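A.B. asks: Generate coordinates for the sequence data below:
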Amino acid sequence: MDISDYMGEIMWAEKYINEMVQILEDKGLINNTLIVITSDNGIPIPRSKATLYDHGVRMPLVMSWADKIHSGRTVDNPVSLIDMAPTFLDLARIEIPEEMTGRSLKNIILSEQSGTVKNERDFVVSAIERHVFCRAQREGYPRRAIHTEDYAYIINFEPTWWPCGDPDILDKNGNPRFGDCDPGRIKSFLIENSESPGFSDYFEICFGKVKREQLFDKKNDPDMIHNLAYDKNYSAIKRELKGELKEYLKATGDPRIFK
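C.D. replies: This next block holds a predicted model:
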């Protein structure tokens, strides 16, 4: 039911996007308007919203600009929503402030290439400190991640904490919170059946503690279930991604990297 609710939201969004496009056409503005359709976070179900797994940070991004953007293209380069501001400034021929850590997507937008556009960024970094009050100490769950087309490496700075909140923090009905956003049917079902045969493993995957390091092969494990960070066969990949993440965090002055 949670997923079907979102399908309904998609249909609602499509209806009103079409209406907005029609208004632009009626006013003669469509040829001079860059249309960007995206989202703010992943769906609020376990292992999605308020996590650094792909289902939590991978957003839809559709861009249209009359004949300036070649239609029908799908681009695989990793990009971030922090790239939007420098992109808009660049397209408007306004100088991009040095303190902006995002990068203009102008070359990707105006390219005719599909797939991976050459000479552009090949990874993005995501981060989270806290989401809601779901921990007795009023602390969050600090994490950083680097995402490439094929892999995601995550470092969890407090692996002894519960990622989704302390189990002994109760809601108004006396139920474990495990995060204070709308629980939805999936989350509620897993919490209610946390010790039931056949469901306890799913509960652990969604709400249990995790290792300090996580590495996922997104091509072969798109749901990011199997942690390869401690698999010797992937030690070289982990070392490379960990190094790139560390350098990025240092360059951007991330306080966690200096602890």
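
A.B. asks: Just the C-alphas of stretch 222-234, formatted as CSV.
C.D. replies: As requested, the backbone C-alpha atoms of stretch 222-234 are provided in CSV (Å, rounded to 0.1, in the frame of the first residue of the first chain):
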residue,chain,number,x,y,z
PRO,A,222,21.0,-2.6,-6.1
ASP,A,223,19.2,-2.8,-2.8
MET,A,224,22.5,-2.6,-1.0
ILE,A,225,22.0,-5.5,1.3
HIS,A,226,25.4,-7.3,1.2
ASN,A,227,28.2,-5.3,2.9
LEU,A,228,31.5,-6.0,1.1
ALA,A,229,33.6,-3.6,3.2
TYR,A,230,35.3,-6.5,5.0
ASP,A,231,35.6,-8.8,1.9
LYS,A,232,39.3,-9.1,0.9
ASN,A,233,38.3,-9.3,-2.8
TYR,A,234,37.0,-5.7,-2.6
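
A.B. asks: Not counting that stretch itself, show me its contacts.
C.D. replies: Stretch 222-234 is contacted from outside by 47, 53-55, 152-153, 205, 210-211, 213-218, 238, using CB atoms under 8 Å, 6 or more residues apart in numbering. In short, each C-beta sits where N, CA and C put it, glycine included.

A.B. asks: rerun that using 6 Å as the cut-off
C.D. replies: Stretch 222-234 is contacted by residues 53, 213-216, 238 when judged by CB atoms under 6 Å, 6 or more residues apart in numbering.

A.B. asks: neighbour-wise, which of the residues you listed leads?
C.D. replies: Using other CB atoms under 10 Å as the neighbour criterion, Phe216 leads the contacts of stretch 222-234 with 25 neighbours.

A.B. asks: Just confirm it is within a strand.
C.D. replies: Yes. Under DSSP: H, G, I helix; E, B strand; the rest coil, Phe216 sits within a strand.

A.B. asks: I'd assumed Ala152 was in contact with it.
C.D. replies: Yes. Under the criterion of CB atoms under 6 Å, Phe216 makes contact with Ala152 at 4.9 Å.

A.B. asks: okay, Ile191: pLDDT?
C.D. replies: Looking at Ile191, its pLDDT is 74.

A.B. asks: got the buried residues for the host helix or strand of it?
C.D. replies: Under the criterion of DSSP states H and E, Ile191 resides in helix 184-192. Across helix 184-192, burial judged by 16 or more other CB atoms under 10 Å covers 184, 186-187, 189-191.

A.B. asks: Give me the packing partners of that helix, helices and strands only.
C.D. replies: Here helix 184-192 touches helix 2-26, helix 200-207, going by 3 or more CB pairs under 6 Å, 6 or more residues apart in numbering; DSSP states H and E.

A.B. asks: okay, these, which one's buried deepest?
C.D. replies: Neighbour counts (mean count of other CB atoms under 10 Å) averaged over each of the helices and strands packed on helix 184-192 peak at helix 200-207, with a mean of 16.

A.B. asks: Tell me what angle that helix forms with helix 184-192.
C.D. replies: 120 degrees (axes from the mean of the first three to the mean of the last three CA atoms, to 10 degrees).

A.B. asks: now the strands: where do they sit in the stretch 151-259 of the chain?
C.D. replies: 151-156, 213-217 (DSSP state E, counting those that start in this stretch).

A.B. asks: that older thread, need the contacts of stretch 222-234 in TSV (columns: pLDDT and distance to Lys15).
C.D. replies: Output for the contacts of stretch 222-234, formatted as TSV (pLDDT from 0 to 100; distance: CB to CB, whole Å):
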residue	pLDDT	distance to Lys15
Tyr53	95	30
Glu213	97	44
Gln214	98	39
Leu215	98	41
Phe216	98	36
Lys238	98	45
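
A.B. asks: coming back round to it: out of the buried residues of helix 184-192, who's nearest Leu34?
C.D. replies: Gly184 (34.0 Å; CB to CB).

A.B. asks: so where's this structure shaky on pLDDT?
C.D. replies: 1, 132-139, 166-185, 258-259 (pLDDT under 70).

A.B. asks: per-domain residue ranges of it.
C.D. replies: For the chain, the structural domains run 2-120, 125-258, going by automatic domain parsing.
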